[in-house]
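Q: One predicted model, sequence on top.
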Amino acid sequence: MMSQVQEVAPLSDSDPLHQMNVVVLDDSEVDRKRLIRLCSEAGLNFEATEVASISEMEHALREKDYDVVFIDYLLAGEDGLGAVDALARLESQSAVSIMIAGEGRIDIAVEAMRRGCSDYMTKSKLTVETIQKSVSTAFERRMMTLSLMEERERRKHLEMAIRRYAGSCSAEMRSILAGTLRRVRRLRSQKLSIEYGEQLGDLEKSIDRLWDALPQFEADTNRVIESTYKPAHVAVDSPMIKGTAEPARLNTS
């Protein structure tokens, strides 16, 4: 059975707009009450929802948005890592999670952080100071994680823009070169002086060399992108630029 407890720290602004929503997951009511009391003494202005199981936690998290979820590792018939996974599956929730476990369980701390937990506290060392530090650290790490995710997304968009640019440039260059070559060949079909004809022949050869160099231009662009923006991978033969990676036959008819 879930119970809801509101704790407002002395000297804190009790305006609900400045109040955090907190979930405390622990199958021991005594330990839940102790953590809530310490959070209040730490100066946190919050409303706490107490839950004793992962299913109760999931139910609470679906009801409204939360800011912090305190997760005890040892639960009846389950463990806190399962709670971390359950929180991660709720895409609508942006709450930071803090794991609480026994002393010396570094393995749990490492695994919890790997699965997305924002911080870790030792149950026997819960104090006002450790709670203040842990909550601050959890929010700081979440901000860093979100910034990295946004940066990867920005890099991905930039990579795609560069690829589109490379593809559109080569397509435009092919169009220009093809048109120029057609005009050159029309001029050569006319009766011109030998010297003028030789100059047109040289120009035609230069255009052919530029045409042949276009695939290498695209390949070099792809290599620069892949070496600079490793987090994002886009196939060279992406439908977005399909047809520009292989040399095309110059149509001058």
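A: Nice, thanks for sending it over. Since the model is a prediction, treat every value here as computed from it, not as a measurement.
Q: Any idea what Thr122 is bridged to?
A: Ala101 (DSSP bridges).
Q: Retrieve the pLDDT associated with it.
A: In this prediction, Thr122 carries a pLDDT score of 93.
Q: Test my guess that it contacts Ile98.
A: No: using CB atoms under 8 Å, Thr122 is not in contact with Ile98, being 11.5 Å away. Backbone N, C-alpha and C define where each C-beta goes, glycine included.
Q: Give me the more crowded residue out of the two.
A: Ile98 (21 against 14; other CB atoms under 10 Å).
Q: what about the strands in this structure?
A: 3-8, 20-25, 45-51, 68-72, 74-75, 78-79, 96-101, 119-122 (DSSP state E).
Q: Which of the ones you listed sits closest to Ser147?
A: strand 96-101 (14.5 Å; CB to CB).
Q: what's the spacing between the closest residue to Ser124 other than its chain neighbours and Thr180?
A: By the measure of CB to CB, 6 or more residues apart in numbering, the closest residue to Ser124 outside its immediate chain neighbours is Glu103, 5.3 Å from it. Distance of Glu103 to Thr180, given as CB to CB, to the nearest Å: 78 Å.
Q: For those two, indicate the residue with more neighbours.
A: A side-by-side neighbour count of Glu103 and Thr180, using other CB under 10 Å, places Thr180 first with 16 against 9.
Q: Read off the pLDDT value for the more buried one.
A: 71.
Q: Relative to Arg186, how far out is it?
A: On the measure of CB to CB, Thr180 and Arg186 end up 11 Å apart.
Q: what sits in contact with each of these two?
A: Listed as contacting both Thr180 and Arg186 by CB atoms under 8 Å, 6 or more residues apart in numbering is no residue at all.
Q: Of the strands of the chain, give the one that comes closest to Arg154.
A: strand 96-101 (23.3 Å).
Q: neighbouring contacts of that closest one?
A: 26, 35, 67-74, 80, 83-84, 87, 108-109, 112, 116-123, 126, 134-135, 138-139, 141-142.
Q: quick one, what contacts Val135?
A: Neighbour list for Val135: Ala42, Leu44, Val68, Ile98, Asp119 [criterion: CB under 8 Å, 6+ apart].
Q: what does Cys39 give?
A: Glu7, Val22, Phe46, Ala48, Ile131.
Q: Got the confidence number for it?
A: At Cys39, pLDDT is 93.
Q: That one and Ala76: what is the separation?
A: On the measure of CB to CB, Cys39 and Ala76 end up 23 Å apart.
Q: In the protein, what helix or strand scores lowest on average pLDDT?
A: Ranked by mean pLDDT, DSSP states H and E, the weakest helix or strand in the chain is strand 3-8, scoring a mean of 47.
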